[in-house]
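J.: Just to be clear, the model below is a prediction. Sequence and coordinates:
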Amino acid sequence: MTMTDKTPGLYIHVPFCRSKCPYCDFYSMPVNTELKEKYIAATAGILSSLEQKFNTVYFGGGSPDMLGEENIAYLLGLVNRTEDAEITVECNPSGTGCEKRSFDFGVLSGAGVNRISLGLQSAVDTERRQLGRTAGIKEAGTAVKKIQEAGIDNISLDVMLGIPGQTEESLRTTLEYCVNSGAKHISAYMLKIEEGTYFHKVADKLNLPGEDEVCDMYLAASEFLRQNGFLHYEISNFALPGYESRHNLKYWHCEEYEGIGPSAHSFMHGKRYCYPRDISSYIEGKPPVYDSDGADPKEYIMLALRLSEGLVYDRFRQRFSKEVPDKMIEYALLLEKNGLARVTDKQFNLTPEGFLVSNTAILNLIGLL
Ligand code: SF4
C-alpha cells in the first residue's frame, strides 16, 4: 500500500442508470439501445487509440452493468494492461442480483475482471427503499453469491451512513451482513444532501439522523470493522489486509490516471483534464478539456491525510525537494493532544476521530505551508 507506482490507472465512466436515486448528483441518465451503442463505439475508439499500459482499470458510474457483461468484456479487451492489473466493475444489485434478469459474472471473470464493487448501501430494505433502490437485500445477496461462484473473491460493498431513519443498531445489521458475506473491502460514505437532488428539495421532511448521531455511527463502524480484521485505511474505506483498492490509492497518492467517459477526470503528464458532463459531445468525439496543473504540495497533503498512513515526511521530501514545515508538525502535535492525530518522527496521520474533523484540520494544516 505504501509503494508509489508510475504505471497509470484507467477509469471508464459509464453514465447510465435505471433510474435516478434521490440523493445522487453523479452524471448519469437512462439509456436506450441506440445511445448505448454510440457510447460503446466512442469509448472503443478512444481505448484503441491509447498506447499507454495501465495496471488498474475501473468501470464506474452510473451503473456499468447496464452495458451488459459482453460489452464490458469487449471494451476491456481493447485495454492495454499489465498482467497483474486490478480490474474493477461497479455493479448495482438491481441489475445483477435480480433472478428474473440473468447477468453472467462468469463473462466478466473470463475477460479478466477480478474485483466487483457492489452498491449495497444498506442491508435493511426500508433504508434501501428510502434511497430509491428497487432491489432488496435478497437481490444483493444473490449478486454476491453469483460473483463468488464466478470466482471473483475481491468484493467491495458500498455502505451509507446517515440514511433517513437509520440508527446505530440498523447500521450494525448492515455491517454484520457485510462482514458475514465475505466482502474484502467496504466503502462507508456519509450521505450528503447535494444541491439539485430530490433529497435537497425535501430535506426538511426527511427523517435524517442528527449530525452527532452520524458521527457516532462513523466511529462505531470504524471500531466494528477494525475488530473484524479490516484496516481503516482511508477516511471512508476499509479493507482486509492486501485488499486495499489499488485504483483508488492512485488518487490519494497523487499518481497518474486516465479518465474516459462524460464527466471523467484525468491526471496525466502532470496536468488535470476532464470530459464535460455532456454525453453528446463525448459521442461526437470532443476531447477532454484542460482543468489545472495538478499535485502541488497542498493537494498532495490534502490527499495524503485522507489515508491512515498520513503524510510521510520522506516521500514528501522526495517529491517536492523540501521538508514538511516544522509549523505543520507542531500543529499536528496539538491535534495529537486532542486524540485527533498520531505523530511519529517519520509521519503524521489523522485518527478516526480526526477524520471526522478532517476538512477543518487539513485546511488549517495546508494554511501553514
Ligand atoms: S445507481 Fe448510483 S450513479 Fe445511479 S443514480 Fe443511483 S447513486 Fe447515482
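T.: Here it is on my side, so go on.
J.: The residue in the stretch 251-369 of the chain that the ligand sits nearest to: what secondary structure?
T.: The nearest approach of the stretch 251-369 of the chain to the ligand comes at residue 263, 10.9 Å away (C-beta to the nearest ligand atom). For glycine as for every other residue, the C-beta is placed from the backbone atoms N, C-alpha and C. For residue 263, the assignment made with DSSP: H, G, I helix; E, B strand; the rest coil gives coil.
J.: Spatially nearest residue to it (excluding sequence neighbours)?
T.: Nearest non-adjacent residue to residue 263, counting by C-beta to C-beta, 6 or more residues apart in numbering: residue 27, 3.8 Å away.
J.: okay, now the one you found: neighbour count?
T.: 18 (other C-beta atoms under 10 Å).
J.: Repeat that for the one 3 residues further on.
T.: When neighbours are defined as other C-beta under 10 Å, residue 30 has 11 of them.
J.: same check, this time on residue 336
T.: Residue 336 has 17 nearby residues by other C-beta under 10 Å.
J.: ditto for residue 177
T.: 20.
J.: what about the residue lying closest to it once chain neighbours are set aside, which helix or strand?
T.: In this structure, residue 177 finds its nearest non-sequential neighbour in residue 123, 3.7 Å apart by C-beta to C-beta, 6+ apart. Here residue 123, judged by DSSP states H and E, is contained in no helix and no strand.
J.: wouldn't residue 123 be in contact with residue 138 here?
T.: No. Residue 123 is not in contact with residue 138 according to C-beta atoms under 8 Å; the separation is 10.6 Å.
J.: neighbour-wise, which of those two wins?
T.: residue 123 (24 against 13).
J.: got a list of what that one touches?
T.: 137, 140, 173-174, 176-178 (C-beta atoms under 8 Å, 6 or more residues apart in numbering).
J.: Return the member of the residues you listed nearest to the ligand.
T.: For the contacts of residue 123, the nearest to the ligand is residue 140 (13.1 Å; C-beta to the nearest ligand atom).
J.: Stretch 188-203 near the ligand anywhere?
T.: No. If you take C-beta under 6 Å from any ligand atom as the test, stretch 188-203 misses the ligand, and the best it gets is 9.5 Å.
J.: neighbours of residue 151, just the number please.
T.: Residues near residue 151, counting by other C-beta under 10 Å: 11.
J.: Please name the spatially closest residue to it (chain neighbours excluded).
T.: Residue 151's closest residue in space is residue 109 (C-beta to C-beta, 6+ apart), at 5.1 Å.
J.: Run a quick check on the one you found versus residue 153, I expect a contact.
T.: No. In this structure residue 109 lies outside contact range of residue 153 using C-beta under 8 Å: 10.3 Å.
J.: Show me which of the two is the more surrounded one.
T.: residue 109 (19 against 14).
J.: Could you check which helix or strand contains that one?
T.: Using DSSP H and E, residue 109 sits in helix 105-111.
J.: list the buried ones in that helix?
T.: For helix 105-111, a neighbour-count test (16 or more other C-beta atoms under 10 Å) marks 105, 107-109, 111 as buried.
J.: Of those residues, which is the nearest to residue 58?
T.: Distances from residue 58 to the buried residues of helix 105-111, taken as C-beta to C-beta, are shortest for residue 108 (13.3 Å).
J.: Not including adjacent chain positions, what is the nearest residue to the closest one?
T.: That would be residue 69: by C-beta to C-beta, 6+ apart, it lies 5.5 Å from residue 108.
J.: Contacts only, for that neighbour.
T.: 103-105, 107-108.
J.: Reformat those into TSV and put pLDDT next to each item.
T.: As requested, these are exported to TSV (pLDDT from 0 to 100):
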residue	pLDDT
103	91
104	94
105	96
107	97
108	97
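J.: Now do the helix or strand of the chain with the lowest mean pLDDT: distance to the chain's middle.
T.: When the helices and strands of the chain are scored by mean pLDDT, DSSP states H and E, helix 93-96 comes last with a mean of 83. Offset of helix 93-96 from its chain centre (C-alpha atoms, centre = their mean, to the nearest Å): 18 Å.
J.: Which secondary structure elements does it sit against?
T.: strand 115-121, helix 137-149 (3 or more C-beta pairs under 8 Å, 6 or more residues apart in numbering; DSSP states H and E).
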